[in-house]
Each structure stands twice: as structure tokens, then as C-alpha cells.
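# have a look at this prediction, sequence included:
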Amino acid sequence: MQGKSDACLYSRFKNNRWTFILTHVQDLVLCHQDKEDSDEIVRNLNKKIEMKDLGDICYYLGIQMEWGGNGSFFINQKQKIMDLIEHLGLTEANVAEIPMEVGFFKDNETKEPLQDNSQYRTATGKLLYTSTVTRLGIAAVVGKLCRKVNAQTKKDWTAVKRIGRYLKGTADLKLMLPANSNSRLVDYMDANWSECREDRKSTSGNLFYYGGGVISWTSKKQSVVALSSIEAKYISAAQACQEATWLYRLLLDFGINEPKPTRMHEDNKSCILLSQPERVTPQTMQIDTKYHCVRDAQQQGSLG
């Protein structure tokens, strides 16, 4: 059966056992609870298309995977990072302790534009993939530098190289996905109000845990200008609500009926009160209707 949340995910529940297939172009990842089930699927697929069994998964789409104890596993992109370091010419460079210089975006000094942006585009693209898949620690700074692809400066290019030097020193870090029978979906959210000095738009940040491991994260510039920190955090909550809804459906595709409500952590009391239907004031009426999905989800018991 094709997944409702992801068209590339297929599942089968037979003889009280689950089998999953994840597809990407011509590559398949097959997960099973019983090897007999996977062997049966492979035999049936071989009747339709020619396939080659590569054994237990250890490398997929640039992601290295290692099995841990008790069903947990680790993922990293060390090979991708080393390729990036070579692309940036940082093989012999010193490592950086943090991914970005403190106060980098507060500098109003006129900066010299970068004439050739081909390397910049390629490097930020590689960094974006890495920050999306395994290295959440650089997601915020990479997102900011990606905004400069059409008007980057030499200082921005230096910042890209600094991230490369940081990754060089932390290339061996791995993201752990532990196995936990008492797993619950939990979200932490925040927003940096009026952060962008060019258009005063805010940046949303969301982090989802499941079973004690991080499974989803976002650092994204908001599409509208928030008139207050409360509004910026409320918009961030709306984005987290959309992600939580998708993750809930994804868990259903895996045969997991996630209990509701999904626990969402927000540190602004006014933002929390704003999600209640009776909290409508002249100061909050300008908030776009689409962001009130938070209020709707809370009334339905999906969020808590």
C-alpha cells in the first residue's frame, strides 16, 4: 500500500508483520520484521524488473548508516563533508570551533561583491543538503547564507568556508536514532523576531523529537513581517503545527497510532494564550487566517 504522507513509501501488513519499501529513482530500501517476507517481495519484484541485492544498508543517498545496540542506529555524512572540504580547498585548513563568526550579520559595513557565484551556489547547495539530513547544528547559518545566492559578497564566501572548516573538525559526529517502545512526538519551537536587517522578517525554528532522538528540524525565514515577537512566535507555531500533522500521518503509514495531543513547547505565554479562540484583540486581528491552524488543531485535541 502506498503511503498517504509520502508517495515513495510502500507498506504491507501480512501475518501480523510489517514490511516497508522506500523508493528513490531506481534505488529501493526494504525493511522487514521477518526475512521471509522480504524474500517473497524480492522474488515478486524480480519477475517484473531486474534487481540486484546489495545486502544490509550502510550507505544511501550520501548518508552513512551504522547499527547500534537494542535496535538503534547512527547516521552521518562524513564522505559528503570530506567531498565538500575538498571542493572548498580546505584540506589543509585549520578547523573552526563554531560554524559562524559571532555578530556576523550585525555588521553594517559595505562589503565587496563576489564576481563569480558558481562556487558559492554549489557549496551552499551541498551545505543545505547536509544541514537538512544529519547536521541540524548548522541549519540556521546555512539558511541565512542561502538567502545570499543572488547577491553574495566575499565576506559571505568566507563564511561558507568557515562552516566547511567547522564541519572538518566535527566530521565524525553522528546523529543517533534510538529505539524506544514508549516513544512520543514532541516539538520545541521558537522565533527570532525581526532578525533580517534588510526586510525585518523573522526566522522560525522547530525541532521534533521522537523516542528520544531528533527526527525533524527547521530553520526558515518567515514569509511575512511580524509586528511583534508574539506574532513571530505564533507564525512559528503554525509552521510547527503543519509539520506535526505531516509527521503524525507518516507515523500512521508505519503502523504507529501516535496518541494525541502532540506535545509542543513554547516559551511565550502570550503566544500560548493567542491559540485560544476567545483571545481575539485588535492587536491580533491582522494575523493571517492561515496561521490560526494552531488554534484549530488545539480545539480538535491534536496539539497540547
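Yep, that arrived.
# report the buried residues of stretch 78-98.
Buried positions in stretch 78-98, judged by neighbour count with 16 or more other Cβ atoms under 10 Å: 80-81, 84-85, 88, 90, 96. Where C-beta positions appear, they are placed from N, C-alpha and C, glycine not excepted.
# narrow the residues you listed to those in helices?
Counting by DSSP state H, the buried residues of stretch 78-98 place 80-81, 84-85 in helices.
# pull the distance from stretch 246-255 to the chain's centre.
Centroid displacement of stretch 246-255 relative to its chain, using Cα atoms, centre = their mean, to the nearest Å, is 16 Å.
# that should have said stretch 35-42, apologies.
Computed by Cα atoms, centre = their mean, the chain-centroid distance of stretch 35-42 equals 32 Å.
# name the residues that touch that stretch?
The set of residues external to stretch 35-42 that reach it, using Cβ atoms under 8 Å, 6 or more residues apart in numbering, is 12, 14-15, 17, 19, 21, 30, 32, 51, 53.
# ok so, going back, could you dump the buried residues of stretch 78-98 into a markdown table with distance to K111 and pLDDT added?
Output for those, formatted as a markdown table (distance: Cβ to Cβ, whole Å; pLDDT from 0 to 100):
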| residue | distance to K111 | pLDDT |
| --- | --- | --- |
| K80 | 29 | 94 |
| I81 | 27 | 96 |
| L84 | 24 | 94 |
| I85 | 25 | 95 |
| L88 | 19 | 93 |
| L90 | 21 | 95 |
| A96 | 20 | 94 |
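# in those residues, find the pair that's most separated.
K80 and A96 (18.1 Å; Cβ to Cβ).
# could the ones in helices among the buried residues of stretch 78-98 go into CSV alongside distance to L250?
What follows is those, written out as CSV (distance: Cβ to Cβ, whole Å):
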residue, distance to L250
K80, 24
I81, 27
L84, 29
I85, 33
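# out of these, the closest to S181 would be?
The closest of these, once distances to S181 are taken by Cβ to Cβ, is K80, at 32.4 Å.
# and the gap between that closest one and L127?
10 Å (Cβ to Cβ, to the nearest Å).
# before we move on, back to that, buried subset of the contacts of stretch 35-42?
Among the contacts of stretch 35-42, those classed as buried by 16+ other Cβ under 10 Å are 19, 21, 30, 32.
# sticking with the second one, tell me its helix or strand.
I21 belongs to strand 17-24 when elements are defined using DSSP states H and E.
# list the contacts of that strand.
For strand 17-24, contacts defined as Cβ under 8 Å, 6+ apart pick out 8-12, 28-34, 37-38, 41, 61, 254-255.
# for ChimeraX, what selects the buried ones among the residues you listed?
The following ChimeraX line selects those of the contacts of strand 17-24 that are buried, judged by 16+ other Cβ under 10 Å:
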select :9,10,11,28,30,32,37,38,41
